[in-house]
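> How does the following fold in three dimensions:
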Amino acid sequence: MEAELKSLTSSDIDELVYWPDDEELFGFTLDATIGPKGEDSGNIFQLFVCTPKWITTKMINPDLGDFGVFGGELIIVK
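Now for the predicted structure:
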């Protein structure tokens, strides 16, 4: 089976026009729908996109948010 990306959506941001206030410090949830090529069906994979500075800030100052840092679901961007 060959898989393809069906869609990318986010309940945190408008993924078509989002631009962070601070390009070095941001994080948001992203839902990727992936399924068999040529078919309408797919599975949703929830990821968290963030910067290294976001991880450092959240780990040092947990009062800034209630998001826990996970391993496999992170996409770290610079």
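> ok, now which ones touch the closest residue to Gly27 other than its chain neighbours?
Once flanking residues are discounted, Gly27 sits nearest to Cys50: 3.5 Å by C-beta to C-beta, 6 or more residues apart in numbering. C-beta coordinates here come from the backbone N, C-alpha and C atoms, glycine included. Listed by C-beta atoms under 8 Å, 6 or more residues apart in numbering, the contact partners of Cys50 are 26-28, 74-77.
> Flag the shaky bits of this protein, pLDDT-wise.
For the chain, residues meeting the criterion pLDDT under 70 lie at 59-72.
> what about the helices in it?
Secondary structure of the chain, counting by DSSP state H: helices at 52-60.
> Identify the single longest strand in it, thanks.
As assigned by DSSP state E, the longest strand anywhere in the chain is strand 27-36.
> pretty sure Asn43 is touching Gly35, no?
Yes - assessed by C-beta atoms under 8 Å, Asn43 is found in contact with Gly35 at 6.4 Å.
> who's more crowded, these two?
Gly35 (17 against 10; other C-beta atoms under 10 Å).
> coming back round to it: top of the contacts of Cys50 by neighbour count?
Highest neighbour count within those: Gly27, with 22 neighbours (other C-beta under 10 Å).
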